[in-house]
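Student: Here's my sequence, what's the structure:
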Amino acid sequence: MGHVEIWVLTMWVIFQSGYGFYLPGSYPHKYVVGDPLSVKVNSLTSIDTEMPFSYYSLPFCKPKEGVKDSAENLGELLMGDRIENSPYKFKMYVNESEIFLCQSKKLSADDFKLLKKRIDEMYQVNLILDNLPAIRYTKKEGFMLRWTGYPVGVKVQNVYYLFNHLKFKVLIHKYEETSVARVMGTGDAVEVMPTVTKEGSDMPGHMVVGFEVVPCSVVHDGNLVNKLKMYEKYQSPIKCDPNAVSMPIKEGEPIVFTYEVAFEESDIKWPSRWDAYLKMEGSKVHWFSILNSLLVIIFLAGIVLVIFLRTVRRDLTRYEELDKESQVQMNEELSGWKLVVGDVFRAPSNPALLCILIGDGVQILGMAIVTILFAALGFMSPASRGTLITGMLFFYLILGIAAGYVAVRLWRTIGCGDHKGWISVAWKAACFFPGIAFLILTILNFLLWGSHSTGAIPFAVFVILLLLWFCISVPLTLLGGYFGAKAHHIEYPVRTNQIPREIPAQKYPSWLLVLGAGTLPFGTLFIELFFIMSSIWMGRVYYVFGFLFIVLILLVVVCAEVSLVLTYMHLCVEDWKWWWKSFFASGSVAIYIFLYSINYLIFDLKSLSGPVSATLYLGYSLFMVLAVMLATGTVGFLSSFWFVHYLFASVKLD
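Tutor: Here you go, the predicted structure:
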């Protein structure tokens with residue numbers, strides 16, 4: 001297969017990822033008729049607050065065997081997931097109705113107040129069956145809306161109603177060994193799961209391919225439940241109408257919980273069972289975002305071509321065509337960027353800090369590219385919860401070696417090959433961004449601990465993160481710094497004068513142009529940013545990583561072009577202090593992302609309740625913005641450094 005065919009195939013796979021393509025990372029479980037199915041519960045979540053809470057923090061029914069935690073990976077713990085067993089139990093392909101679950105104790109004043117608070121904050125109950133979240137469908141203005149989970153209750157005319165009856169629908173598909181081969185086989189080896197049939201039953205096995213829930217508010221007869229035990233049949237028909245509520249919660253009165261379940265055969269096959277969750281919405285909007293980015297790139301590329309082909313290349317060609325005497329005369333008549341030849345590579349202010357930021361930026365950018373690429377190819381499916389966060393953390397740790405190498409080599413380049421201080425630079429590069437991130441997470445974690453939220457990172461996980469930081473990330477960064485110290489530094493093509501040249505007075509402040517340059521990179525991603533923010537803060541599943549990968553590549557190109565153009569403009573007005581300005585020219589996009597986050601908080605999360613929730617939102621936004629600034633600023637600086645080096649290496653000026 002040629003290179004063109006490989007490229008086309010790769011791009012097709014990435015595009016297909018936007019339509020729910022993924023490698024599941026797990027195998028189908030076969031159930032025969034009568035096999036038990038256990039529903040698990042995840043943390044209560046809400047779009048009105050960033051604090052998840054345990055399902056059993058509310059007066060809900062508990063399982064007979066007691067509450068047990070499910071094994072969770074590091075990513076799940078960092079995301080605030082707390083998966084536990086629930087009292088809801090089914091039998092494969094056995095329809096049941098009017099199942100009595102339990103009757104709670106009489107609501108105390110605290111329980112009554114807490115239930116009202118959770119309803120006001122629009123908390124959702126998240127149920128899981130065979131690794132599939134419960135999905136709820138509602139109609140609004142003729143459109144079908146999908147939700148994961150169901151609300152705790154609803155407030156109608158100042159009266160609080162609880163959803164105490166659940167109507168489940170489980171979609172199943174006949175077990176097919178050939179479909180398993182297609183999912184798990186790679187062409188060379190195929191793992192085929194054996195067919196196990198329950199003794200006394202000749203019915204084929206089934207796989208769970210869908211899990212739907214309809215919550216209802218129903219009033220039960222207290223006289224009928226006094227003698228009932230869990231899972232016995234409630235002796236009265238229960239009418240589940242999702243459009244009507246009738247069970248108000250009152251202090252001092254108990255709550256009766258019931259449920260029903262129906263199984264339905266479906267044409268959905270096991271590899272496609274996540275399509276309902278990953279169904280891409282607004283595909284035209286995503287394409288518009290990419291088209292918008294391409295237009296910005298074409299516009300900037302035109303400017304870059306003018307700079308290189310019409311200005312720089314023209315000057316170089318004219319210079320090369322002159323004889324030596326004419327060249328000497330031309331050197332005396334230099335103007336623009338040629339005048340700063342003796343200062344353009346003068347060391348910037350705070351060079352160590354710049355090296356540290358560039359090193360950390362390379363680490364973050366590399367992590368983002370690799371993680372999104374793996375997700376686009378389907379290796380981080382939501383079927384494996386927490387793998388995205390775990391993968392990001394893993395790649396960040398491994399790329400510490402790149403951070404140390406780039407930071408130290410840049411440090412030696414600025415110092416003209418001097419090895420002195422490289423250990424300090426590598427150590428600070430290993431601690432700068434993780435240290436700020438750890439400080440932000442610690443402050444936010446104290447807020448979560450004070451609110452008894454499951455989103456709080458357990459102390460044991462904090463210890464694990466510290467061990468990963470100092471036992472893996474720091475040593476790898478120091479190792480990368482060692483390689484950077486051994487590598488040959490980049491030599492400047494021109495000498496630097498001892499006395500710095502005075503920069504002429506500028507008509508407009510140069511930093512004003514630098515900060516304004518961030519609007520162009522922001523214009524390439526603000527549409528995609530809305531979908532990302534909705535996924536993070538509104539609990540929606542984001543899985544159009546194919547689009548996100550393309551937008552990321554376009555963002556890198558725009559950042560490079562913006563910084564390159566601004567660097568050339570500064571050199572043309574004899575401003576040789578381009579180092580930091582090239583970093584912030586593209587890194588200033590972070591300012592506009594933070595402003596957009598505030599706008600999103602005010603207009604899209606306007607129901608966010610309480611100062612604690614707002615503080616959590618702003619804290620996480622600040623953490624994200626800092627990472628974006630380092631990554632985009634690094635792209636801008638490295639492209640400008642290459643441009644300046646190429647520019648002054650192409651002409652001999654005395």
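Student: Low-confidence stretches in the stretch 401-550 of the chain?
Tutor: The stretch 401-550 of the chain contains residues with pLDDT under 70 at 538-543.
Student: So which elements touch the top helix by length along the chain?
Tutor: Across the chain, the longest stretch assigned as helix under DSSP state H is helix 610-649. With contacts defined as 3 or more Cβ pairs under 8 Å, 6 or more residues apart in numbering; DSSP states H and E, the packing partners of helix 610-649 are helix 351-376, helix 422-450, helix 519-537, helix 545-572, helix 579-587, helix 589-603. The way it works is simple: take the backbone N, C-alpha and C, and place the C-beta from them, glycine included.
Student: could you give me the average pLDDT of it?
Tutor: Helix 610-649 carries an average pLDDT of 91.
Student: ok and that helix relative to helix 545-572, angle-wise?
Tutor: Between helix 610-649 and helix 545-572, the angle comes out at 60 degrees (axes from the mean of the first three to the mean of the last three Cα atoms, to 10 degrees).
Student: Helix 579-587 and helix 610-649, what's the angle between them?
Tutor: 130 degrees.
Student: any low-confidence regions in the chain?
Tutor: In the chain (pLDDT under 70), the answer is 1-27, 71, 177-203, 279-289, 292-293, 300-336, 382-383, 538-543, 606-609, 651-654.
Student: what's the domain layout of it?
Tutor: In terms of domains, the chain is parsed into 22-175+202-276, 281-318+491-500+513-543+550-653, 349-490 (source: the TED database).
Student: re earlier: buried sites along the longest helix of the chain?
Tutor: Neighbour-count burial for helix 610-649, with 16 or more other Cβ atoms under 10 Å as criterion, is recorded at 612-613, 616-641, 643-645, 647-648.
Student: which residues touch the residue nearest to residue 82 when sequence neighbours are not counted?
Tutor: Computed as Cβ to Cβ, 6 or more residues apart in numbering, the closest residue to residue 82 that is not its neighbour in sequence is residue 454, at 4.3 Å. By Cβ atoms under 8 Å, 6 or more residues apart in numbering, the contact list for residue 454 reads 43, 52, 53, 54, 80, 81, 82.
Student: circling back to that earlier point, now distance to residue 340 too, for the domains of the chain, in JSON lines please.
Tutor: Formatted as JSON lines, the domains of the chain follow (distance: least, Cβ to Cβ, whole Å):
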{"stretch": "domain 22-175+202-276", "distance to residue 340": "48"}
{"stretch": "domain 281-318+491-500+513-543+550-653", "distance to residue 340": "4"}
{"stretch": "domain 349-490", "distance to residue 340": "17"}
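Student: For residue 507, which of the ones you listed is the nearest?
Tutor: For residue 507, the closest of these is domain 281-318+491-500+513-543+550-653, at 8.6 Å, according to Cβ to Cβ.
Student: can you give me the strands for the stretch 51-200 of the chain?
Tutor: 84-91, 96-103, 123-125, 127-129, 132-133, 135-140, 143-148, 150-151, 153-156, 159-162, 165-174 (DSSP state E, counting those that start in this stretch).
Student: is it true that residue 111 touches residue 59?
Tutor: Yes - using Cβ atoms under 8 Å, residue 111 makes contact with residue 59 at a distance of 5.0 Å.
Student: quick one: which of the two has more around it?
Tutor: In this view residue 111 and residue 59 are compared by other Cβ atoms under 10 Å, and residue 59 has more residues nearby, 21 against 17.
Student: Contact partners for that one?
Tutor: Neighbouring residues of residue 59 by Cβ under 8 Å, 6+ apart: 104, 105, 107, 111, 115, 255.
Student: Could you export stretch 368-377 as PDB, CA atoms only?
Tutor: Output of stretch 368-377 as PDB, limited to C-alpha atoms (Å, rounded to 0.1, in the frame of the first residue of the first chain):
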ATOM      1  CA  ALA A 368      -3.100  16.700  23.600                       C
ATOM      2  CA  ILE A 369      -2.100  15.600  20.100                       C
ATOM      3  CA  VAL A 370      -1.400  12.000  21.100                       C
ATOM      4  CA  THR A 371      -4.500  11.700  23.400                       C
ATOM      5  CA  ILE A 372      -6.900  13.100  20.800                       C
ATOM      6  CA  LEU A 373      -5.400  11.000  18.000                       C
ATOM      7  CA  PHE A 374      -5.800   7.800  20.100                       C
ATOM      8  CA  ALA A 375      -9.400   8.900  21.000                       C
ATOM      9  CA  ALA A 376     -10.100   9.700  17.300                       C
ATOM     10  CA  LEU A 377      -8.900   6.200  16.400                       C
END
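Student: Thought residue 76 was touching residue 385, still the case?
Tutor: Yes - using Cβ under 8 Å, residue 385 is in contact with residue 76, at 5.3 Å.
Student: Mind listing the shared neighbours of these two?
Tutor: Common contact partners of residue 385 and residue 76 (Cβ under 8 Å, 6+ apart): residue 83.
Student: what secondary structure does the spatially closest residue to residue 427 that is not a sequence neighbour sit in?
Tutor: The shortest distance from residue 427 to any residue other than its chain neighbours is 6.8 Å, reached at residue 478 (Cβ to Cβ, 6+ apart). Secondary structure, DSSP: H, G, I helix; E, B strand; the rest coil: residue 478 is helix.
Student: what's the spacing between residue 478 and residue 630?
Tutor: Distance of residue 478 to residue 630, computed by Cβ to Cβ, to the nearest Å: 19 Å.
Student: of the contacts of residue 454, closest to residue 375?
Tutor: Nearest to residue 375 out of the contacts of residue 454 is residue 81 (Cβ to Cβ; 18.1 Å).
Student: Now do the same contact list for that closest one.
Tutor: Residues counted as contacts of residue 81 (Cβ under 8 Å, 6+ apart) are 42, 43, 52, 72, 385, 386, 454.
Student: Most neighbours of all those, which one?
Tutor: The residue in those with the most neighbours, by other Cβ under 10 Å, is residue 42 (27 neighbours).
Student: can you count the residues close to residue 428?
Tutor: 18.
Student: Report the separation between it and residue 622.
Tutor: Using Cβ to Cβ, one obtains 21 Å as the distance from residue 428 to residue 622.
Student: can I get the helices and strands packed on helix 610-649 in JSON lines with distance to residue 207?
Tutor: Listed next are these as JSON lines, based on distance: least, Cβ to Cβ, whole Å:
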{"stretch": "helix 351-376", "distance to residue 207": "25"}
{"stretch": "helix 422-450", "distance to residue 207": "38"}
{"stretch": "helix 519-537", "distance to residue 207": "28"}
{"stretch": "helix 545-572", "distance to residue 207": "26"}
{"stretch": "helix 579-587", "distance to residue 207": "49"}
{"stretch": "helix 589-603", "distance to residue 207": "39"}
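Student: Looking at those, which one is packed in the most?
Tutor: Mean neighbour count (mean count of other Cβ atoms under 10 Å) peaks for helix 579-587 among these, with a mean of 26.
Student: Using CSV, write out every CA atom in that one.
Tutor: Provided in CSV are the C-alpha atoms of helix 579-587 (Å, rounded to 0.1, in the frame of the first residue of the first chain):
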residue,chain,number,x,y,z
TRP,A,579,11.0,36.4,22.3
TRP,A,580,8.3,37.0,24.8
LYS,A,581,6.0,38.7,22.3
SER,A,582,6.1,35.7,19.9
PHE,A,583,5.0,33.5,22.9
PHE,A,584,2.1,35.7,23.9
ALA,A,585,1.0,36.5,20.3
SER,A,586,-0.5,33.0,20.0
GLY,A,587,-0.7,32.3,23.8
